[in-house]
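>>> Here's a sequence, model it:
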Amino acid sequence: MRVGCIGIGSMGGGIARRLLSQGLEVIAFDIDPSARRRFAELGGTSVDQLEAVSRQCEVIFLCLPSLVAQAECATRLAAAPGTLRILIDCSTLGPEALIQLGRRMQAVNVQVVDCPVSGGAQAAEAGTLALMCATSVATFETVRPILEHISSRIFYLGEEVGLAQLCKLANNAISAAGMLAACEALVLGRKAGLPLQAMFDAINAGSGRNNATSLKIPNHILTGTYDFGGPAGLMVKDLELYLQKAQELEVPATMARAAHDLWGAAVQALGAQVDYTEIIKYFDQLAGLPSLEPEA
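Numbering: from 1, shown residues only. All right, here's what the predicted structure looks like:
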């Protein structure tokens, strides 16, 4: 089976490599030549024009970081759809963006699958992502065998494109708050002299366990590697989208607002492109601690 992938950076690269490892022929494009080169070195087919993907593939995955990038891809795909019939958008850009994409692609007889993913680039390669899907039942049944090459954790949320985006924003708002709470606790433990591995072993056996305490801190922060994958700045974008939707629906979002402001301050201090787990360094700075380094 041949599929296309547009946007093979952090998360998109993990998805493309997973599909390749499952025996699919993958035609990939990215604006970054180094991403294309790395994918070709793994045995995938990389092309230097987006339209070369739509000429060869009926199903294409999108994994893009911004509305600007999505709009550019949509314009070019609508102008040259080629053999494209189904566009699976794994980006996190908010419900309205997917609704508009669906309308635009429907005009050229291309169905859109709203399919944001959660778990990180390493989970993508391991086949353990959570996939949240919204599209027509018929389209979902068509693409499900392809999605199962990525993960068995597939959640169908309805026929209305945009619903999966809303679910993903809710997921990320919870994740963002949990990460901040875990970072604050880690810094407290360091300053108090707690043995950090034992501290988080205890937390992960208790009621404080979350994704940050069980995965990100033990594997990517206590090790001093900060290599979870994905830029921290994207979380600020996701929280802004969540807050916009909360305002639209007249839902209080006090926790999300607080998380947005703290993430924003950290990203301003550290830079938007630092690894997601490097957010802890902002808390280290506030507490006057040196950041953890890899053991020699």
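
>>> make it CA atoms for all contacts and neighbour counts henceforth
Noted.

>>> How about A80, nearest residue that isn't a chain neighbour?
E51 (6.5 Å; C-alpha to C-alpha, 6 or more residues apart in numbering).

>>> Tell me the buried residues in the worst-scoring helix or strand of the chain on mean pLDDT?
In the chain, the helix or strand scored least confidently by mean pLDDT, DSSP states H and E is helix 121-126, which has a mean of 87. The neighbour-count check on helix 121-126 (16 or more other C-alpha atoms under 10 Å) flags A121, Q122, A123, A124, E125 as buried.

>>> what do you get for stretch 28-46?
In stretch 28-46, counting by 16+ other C-alpha under 10 Å, buried: A28, F29, D30, I31, A35, R36, F39, G44, T45, S46.

>>> try stretch 73-91
Buried residues in stretch 73-91 (16+ other C-alpha under 10 Å): 73-74, 77-78, 80-82, 84-91.

>>> show me where this structure has strands.
2-6, 25-29, 45-46, 59-62, 86-89, 111-114, 117-118, 130-133, 154-156 (DSSP state E).

>>> which stretch among those comes nearest E184?
strand 117-118 (23.2 Å; C-alpha to C-alpha).

>>> who does the closest one pair up with?
Using DSSP bridges, strand 117-118 pairs in its sheet with strand 130-133 (antiparallel).

>>> what's across from the nearest residue to G44 once chain neighbours are set aside in the sheet?
Nearest residue to G44, sequence neighbours excluded (C-alpha to C-alpha, 6+ apart): V26, at 5.8 Å. According to DSSP bridges, the residues that bridge with V26 are V3.

>>> Pull the contacting residues for V26.
Residues counted as contacts of V26 (C-alpha atoms under 8 Å, 6 or more residues apart in numbering) are R2, V3, G4, C5, A16, L19, L20, G44, T45.

>>> change it to 6 Å
R2, V3, G4, G44 (C-alpha atoms under 6 Å, 6 or more residues apart in numbering).

>>> Could I get the average pLDDT for stretch 215-232?
The average pLDDT for stretch 215-232 rounds to 95.

>>> can you check stretch 3-14 too?
So the average pLDDT for stretch 3-14 ends up being 94.

>>> about what we covered before: among the buried residues of stretch 73-91, which pair sits farthest apart?
So, the buried residues of stretch 73-91 by C-alpha to C-alpha: farthest apart are G82 and S91, at 22.2 Å.

>>> if we can go back for a sec, just checking, what packs against the least confident helix or strand of the chain?
With contacts taken as 3 or more C-alpha pairs under 6 Å, 6 or more residues apart in numbering; DSSP states H and E, helix 121-126 sits against helix 10-21.

>>> Now do the helix it packs on against strand 2-6, angle only.
Angle of helix 10-21 versus strand 2-6, following axes from the mean of the first three to the mean of the last three C-alpha atoms, to 10 degrees, is 170 degrees.

>>> from the chain's centre, how far out does helix 10-21 sit?
12 Å (C-alpha atoms, centre = their mean, to the nearest Å).

>>> Please identify the buried residues of it?
Buried residues in helix 10-21, counted by 16+ other C-alpha under 10 Å: S10, M11, G12, G13, G14, I15, A16, R17, R18, L19, L20, S21.

>>> Quick check: buried residues in the longest helix along the chain?
Secondary structure of the chain per DSSP state H: the longest helix is helix 163-192. Within helix 163-192, the residues that count as buried by 16+ other C-alpha under 10 Å are 163-170, 172-183, 186-187.

>>> Much appreciated, bye for now.
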